[in-house]
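give me a 3D structure for the following:
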Amino acid sequence: MTGSVEPDPDPVTGRHADGRPATDEPVVRLERWVGPWPDDDRDAAFKAEVAASMVLDPLATLRGLSEYSGIPVGALARFVLARYATTGSEGLLHLGSATVERMWARCEEAEAAGTDEARIEAYRTLAGMISWLRVPLQAPATGEAQDGEVTGGESEPPSTSSS
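Predicted structure coming up:
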């Protein structure tokens, strides 16, 4: 049998032994998007934020960082996407699924009631839960956050059991 089988690219670098990029690397096309979306879209605030970002050129920053660091632009883009895209999962790991579910339940209850009073009460409950989560960020025995902001609010400590 003649010929040879080329070894798989390095799984970490995504490159072949001679430095060539692997052909199966994912490619993302940066697209500009400004909508539209309906007025009652539950994700309207997020979509508006995405649309507003279209005036920015993220590659300008990545190119500059690439020149400074010697890291390829594509590797930096992958790093930024990986960090941003996993932030929600990281937050969930820190809070725990039971706490997130308890917080979300308060929001659902308020929306089901459909009143400003219910939403205000949910806000107070969530503020209390968050104040408990902030305890480690507070300066000891002063009642002030490390940045000097006075803390407070209703208190409902986060639970490790599901509700």
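
so which bits of the least confident helix or strand in the chain by mean pLDDT are buried?
Ranking every helix and strand in the chain by mean pLDDT, DSSP states H and E puts helix 87-95 at the bottom, with a mean of 80. Buried residues in helix 87-95, counted by 16 or more other Cβ atoms under 10 Å: Leu95. Glycine gets a C-beta too; all of them are placed from N, C-alpha and C.

in terms of secondary structure, what does it contact?
For helix 87-95, there is no helix or strand it packs on, judged by 3 or more Cβ pairs under 8 Å, 6 or more residues apart in numbering; DSSP states H and E.

give me the number of residues near Leu133?
By other Cβ atoms under 10 Å, the residues close to Leu133 number 14.

would you check that it makes contact with Leu95?
Yes - with contact defined as Cβ atoms under 8 Å, Leu133 counts as touching Leu95 (7.3 Å).

need the CA coordinates for the helix or strand harbouring Met103. CSV is fine.
Assigned by DSSP states H and E, Met103 belongs to helix 97-113. Backbone C-alpha positions of helix 97-113 (Å, rounded to 0.1, in the frame of the first residue of the first chain) are rendered in CSV as follows:
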residue,chain,number,x,y,z
SER,A,97,-29.6,25.5,40.8
ALA,A,98,-31.9,25.5,43.9
THR,A,99,-31.1,29.2,44.5
VAL,A,100,-31.7,30.1,40.9
GLU,A,101,-35.0,28.2,40.8
ARG,A,102,-36.1,30.0,44.0
MET,A,103,-35.3,33.4,42.6
TRP,A,104,-37.0,32.6,39.3
ALA,A,105,-40.1,31.3,41.1
ARG,A,106,-40.5,34.7,42.7
CYS,A,107,-40.4,36.3,39.3
GLU,A,108,-43.0,33.9,37.9
GLU,A,109,-45.3,34.4,40.8
ALA,A,110,-45.2,38.2,40.3
GLU,A,111,-45.8,37.9,36.6
ALA,A,112,-48.7,35.5,37.2
ALA,A,113,-50.3,38.0,39.6
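
and that helix, what's its mean pLDDT?
The average pLDDT for helix 97-113 rounds to 93.

from the contact counts, what lies against it?
helix 116-133.

circling back to that earlier point, just the CA trace of the least confident helix or strand of the chain, in CSV.
The C-alpha trace of helix 87-95 is given here as CSV (Å, rounded to 0.1, in the frame of the first residue of the first chain):
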residue,chain,number,x,y,z
THR,A,87,-20.6,33.2,32.1
GLY,A,88,-24.2,32.1,32.7
SER,A,89,-23.1,28.5,33.4
GLU,A,90,-20.4,29.7,35.7
GLY,A,91,-22.9,31.9,37.6
LEU,A,92,-25.2,28.9,37.9
LEU,A,93,-22.4,26.8,39.4
HIS,A,94,-21.7,29.5,42.0
LEU,A,95,-25.3,30.1,43.0
